[in-house]
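> Got a predicted structure here, sequence first:
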Number of protein chains: 4
Amino acid sequence: MAIVEVSIIPLGVPGPSLSGYVARVLSLLRESSLSFELTAMGTIISGDLDEILSVVRRMHESLFSADVTRVLTQIKIDDRRDQPASPEQKIRSVMEKFSR
Amino acid sequence: MAIVEVSIIPLGVPGPSLSGYVARVLSLLRESSLSFELTAMGTIISGDLDEILSVVRRMHESLFSADVTRVLTQIKIDDRRDQPASPEQKIRSVMEKFSR
Amino acid sequence: MAIVEVSIIPLGVPGPSLSGYVARVLSLLRESSLSFELTAMGTIISGDLDEILSVVRRMHESLFSADVTRVLTQIKIDDRRDQPASPEQKIRSVMEKFSR
Amino acid sequence: MAIVEVSIIPLGVPGPSLSGYVARVLSLLRESSLSFELTAMGTIISGDLDEILSVVRRMHESLFSADVTRVLTQIKIDDRRDQPASPEQKIRSVMEKFSR
């Protein structure tokens, strides 16, 4: 299972607020069965890597419209295969070292 | 107030687990008065940009040791000045558009 | 045509040098018909987005081995559709504004 | 000596072309004594890390204006201290493994 952080934003749309665009691309993710968490700087998705990349590809595409002609998409894949990995376990693992 | 995502990892240390290193650099952040949240893919810090960059610079430095001779640090700054911004407000703003 | 920057590195391999791994994943890109340029911080690929993502997916996979159990892959997609875009044209466009 | 890739873009400015803004922030870098290379996806700077971060901080600040109220700045630091590192040497090191 991979853990992927993704950020998809339009460039060249007037006005500094992008939350409407973020909500639009996230609706595609919601329709999938992948588990995800919205953060202030992106969205963290976990699950099968091919399934994640397929949804992200559609999210990227969905942002284009008459008004949006340029999209900047960033994908960060953390793929660990020596042991099961989940977003929760990664955070717990750091926190445990903290408390010692 | 800026919102900054940071990821600081050592390269070339044996073994795929990095949580001990992450805990070490985060201890410097804890000693600051900046508010932060650990995610599965990085740490999100909010506050005065110069103060954040100063702590991140020290976090980066603190990872070097006899065993760690290469450090990869990534910093993503979202700096919005037309209105007050916080990590919580950014997420809320997307969620509100979701529920409509 | 999209312009994509990609960085694929193994985590947890002993020693700070990663060039052997970078050369290995790049060999897959060389076998494709995509045009690319190696920089000091990643590889910039241009062409059809689906074709690029398909090669990048294989590059990511190819790094896993008995010794490499964790791979960090970062993909940055700049997809502009209002006019033809190429890496050369993007750089030229900035340089022209410089010289004025 | 560190190798740093930086990308500084305004969010919310009308129109998909950003080259004028990129040229503006690069003018600050040109006035410094740091060596840099413009790529299609960012700018690669090499030199003393503190000096680089200080210029990048000013580049980020310089983009704000009446029209630009939100700036997205990304900084990727590759800091290797076991041996001298330069952008040219990093690329050469990969190319040598290629040709074997």
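It's in.

> How many neighbouring residues does A:L34 have?
A:L34: 17 surrounding residues under other CB atoms under 10 Å in any protein chain shown. Glycine gets a C-beta too; all of them are placed from N, C-alpha and C.

> Tell me what the residue nearest to it when sequence neighbours are not counted is bridged to.
In this structure, A:L34 finds its nearest non-sequential neighbour in A:G47, 4.5 Å apart by CB to CB, 6 or more residues apart in numbering or on different chains. Beta bridges link A:G47 to A:A2 when assigned by DSSP bridges.

> Let me see the contact set for A:G47.
A:M1, A:A2, A:S33, A:L34, A:S35 (CB atoms under 8 Å, 6 or more residues apart in numbering or on different chains).

> quick one: buried residues of stretch A:81-89?
Within stretch A:81-89, the residues that qualify as buried are A:A85, A:P87, counting by 16 or more other CB atoms under 10 Å in any protein chain shown.

> Look at the residue nearest to A:L34 and report its pLDDT.
Listed pLDDT for A:G47 reads 97.

> the helices in chain A, which residues?
For chain A, the helices defined by DSSP state H occupy A:19-31, A:49-62, A:87-99.

> quick one: the longest one near chain B?
No. Helix A:49-62 lies out of reach of chain B by CB under 8 Å from any CB of the partner chain, never closer than 13.1 Å.

> Tell me what angle that helix forms with helix C:49-62.
160 degrees (axes from the mean of the first three to the mean of the last three CA atoms, to 10 degrees).

> which stretches of chain A have low pLDDT?
Along chain A, segments meeting pLDDT under 70 span A:100.

> just checking, what packs against the lengthiest strand in it?
If each strand of chain A is counted by residues according to DSSP state E, the longest one is strand A:70-80. For strand A:70-80, the packing partners by 3 or more CB pairs under 8 Å, 6 or more residues apart in numbering or on different chains; DSSP states H and E come out as strand A:2-10, helix A:49-62, strand C:70-80.

> quick one: it to strand D:70-80, angle?
Using the same axes, to 10 degrees: strand A:70-80 against strand D:70-80 is 40 degrees.

> and strand A:70-80 with strand D:2-10, angle?
140 degrees.

> Columns mean neighbour count on top of the helices and strands packed on strand A:70-80, output as JSON lines?
Formatted as JSON lines, the helices and strands packed on strand A:70-80 follow (neighbours: other CB atoms under 10 Å in any protein chain shown):
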{"stretch": "strand A:2-10", "mean neighbour count": "23"}
{"stretch": "helix A:49-62", "mean neighbour count": "18"}
{"stretch": "strand C:70-80", "mean neighbour count": "22"}
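
> Tabulate these (TSV), appending distance to A:L26.
Converted to TSV, the helices and strands packed on strand A:70-80 look like this (distance: least, CB to CB, whole Å):
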stretch	distance to A:L26
strand A:2-10	9
helix A:49-62	8
strand C:70-80	18
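
> And these: which comes nearest B:E61?
Judged by CB to CB, the one of the helices and strands packed on strand A:70-80 that comes nearest to B:E61 is strand C:70-80, at 21.6 Å.

> Can you give the strand pairings for the closest one, parallel or anti for each?
Sheet pairing of strand C:70-80 (DSSP bridges) gives strand A:70-80 (antiparallel), strand C:2-10 (antiparallel).

> what angle separates it from helix C:87-99?
Strand C:70-80 runs at 70 degrees relative to helix C:87-99, counting by the same axes, to 10 degrees.

> how distant is strand C:70-80 from the center of its chain?
7 Å (CA atoms, centre = their mean, to the nearest Å).

> how about the nearest residue to A:G12, chain neighbours excluded?
Distance criterion CB to CB, 6+ apart; nearest residue to A:G12, sequence neighbours excluded, is D:P16 at 3.6 Å.

> count of residues packed around the one you found?
Residues near D:P16, counting by other CB under 10 Å, number 18.

> do you know how far A:I45 is from A:V25?
12 Å (CB to CB, to the nearest Å).

> ditto for A:V4
Distance, A:V4 to A:V25, by CB to CB: 14 Å.

> can you check A:G12 too?
Relative to A:V25, A:G12 is positioned 16 Å away (CB to CB).

> higher neighbour count, those two?
A:V25 (24 against 20).

> Now do the contacts for the closest residue to that one other than its chain neighbours.
In this structure, A:V25 finds its nearest non-sequential neighbour in A:M59, 4.2 Å apart by CB to CB, 6+ apart. Listed by CB under 8 Å, 6+ apart, the contact set of A:M59 reads A:V6, A:I8, A:V25, A:L26, A:L28, A:L29, A:T73.

> which ones are touching the second one?
Right, the one you point to is A:I8. So A:I8 contacts A:Y21, A:V22, A:V25, A:V56, A:M59, A:H60, A:L63, A:V71, A:L72, A:T73, A:Q74 (CB under 8 Å, 6+ apart).

> What about the residue lying closest to A:R58 once chain neighbours are set aside, how many residues nearby?
Excluding its sequence neighbours, the residue lying closest to A:R58 (CB to CB, 6+ apart) is A:L28, at 5.6 Å. Using other CB under 10 Å, the number of residues around A:L28 comes to 16.

> and A:L28, what does it touch?
A:V55, A:R58, A:M59, A:S62.

> can you rerun that using 10 Å?
Applying CB atoms under 10 Å, 6 or more residues apart in numbering or on different chains, we find A:L28 in contact with A:V55, A:V56, A:R58, A:M59, A:H60, A:E61, A:S62, A:L63.

> Also A:F64?
Here A:F64 is in contact with A:P10, A:R70, A:V71, C:D79, C:R81 (CB under 10 Å, 6+ apart).

> Swap in 7 Å and give it another go.
The contact partners of A:F64, taken as CB atoms under 7 Å, 6 or more residues apart in numbering or on different chains, are A:V71, C:R81.
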